[in-house]
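Undergrad: Fold the following.
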Amino acid sequence: MPKPHRVVLDRVSGYADEAAAFMRRRRHVRRPFARVYRADGSSVDHPAESETGAALFAAAGSLIELAAARPER
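TA: The predicted model follows:
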């Protein structure tokens, strides 16, 4: 029978391995995209590399610049 502290250490080590694997997968898959919600509640994702995605990113950048230049009230 394994020692009790060894069982706990193995369990914690397993959780840490799973968390590290999750972070590697997430970092590998993450890419910029624009999500647009329709009036019916559905959504569609546009990758930044697509024509629509590029237009949405440009529009968002313009809005951010406009908001930054606007004086506070």
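
Undergrad: Would you confirm that Glu72 belongs to a strand?
TA: No - according to DSSP: H, G, I helix; E, B strand; the rest coil, the state of Glu72 is coil, so it is not within a strand.

Undergrad: burial count for it?
TA: Glu72 has 3 neighbouring residues, counting by other C-beta atoms under 10 Å. Bear in mind the C-beta positions are built from the backbone N, C-alpha and C, glycine included.

Undergrad: Looking at it now. What's its pLDDT?
TA: In the prediction, the pLDDT value recorded for Glu72 is 70.

Undergrad: just Arg6 next, same as before
TA: Looking at Arg6, its pLDDT is 67.

Undergrad: One more: the one 3 residues further on?
TA: At Leu9, the pLDDT value in this model is 70.

Undergrad: tell me the contacts of the residue nearest to Leu56 when sequence neighbours are not counted?
TA: With C-beta to C-beta, 6 or more residues apart in numbering as the criterion, Leu56 has its nearest non-adjacent residue at 4.0 Å, and that residue is Ala34. Each residue near Ala34 by C-beta atoms under 8 Å, 6 or more residues apart in numbering is listed here: Asp45, His46, Ala48, Thr52, Gly53, Leu56, Phe57, Ala60.

Undergrad: Out of those, which end up buried?
TA: Neighbour-count burial within the contacts of Ala34 applies to His46, Gly53, Leu56; the criterion is 16 or more other C-beta atoms under 10 Å.

Undergrad: Check whether the last one sits in a helix, strand or coil.
TA: Just to be clear, that refers to Leu56. Counting by three-state DSSP, the backbone at Leu56 sits in helix.

Undergrad: if we can go back for a sec, restricted to strands, list the contacts of Ala34.
TA: Judged by DSSP state E, these include Asp45, His46 as members of strands.

Undergrad: ok but Ala68 is inside a helix, no?
TA: Yes - secondary structure of Ala68, determined by three-state DSSP: located in a helix.

Undergrad: what about Arg11, distance to Ala69?
TA: Spatial separation of Arg11 from Ala69 under the definition C-beta to C-beta, to the nearest Å is 54 Å.
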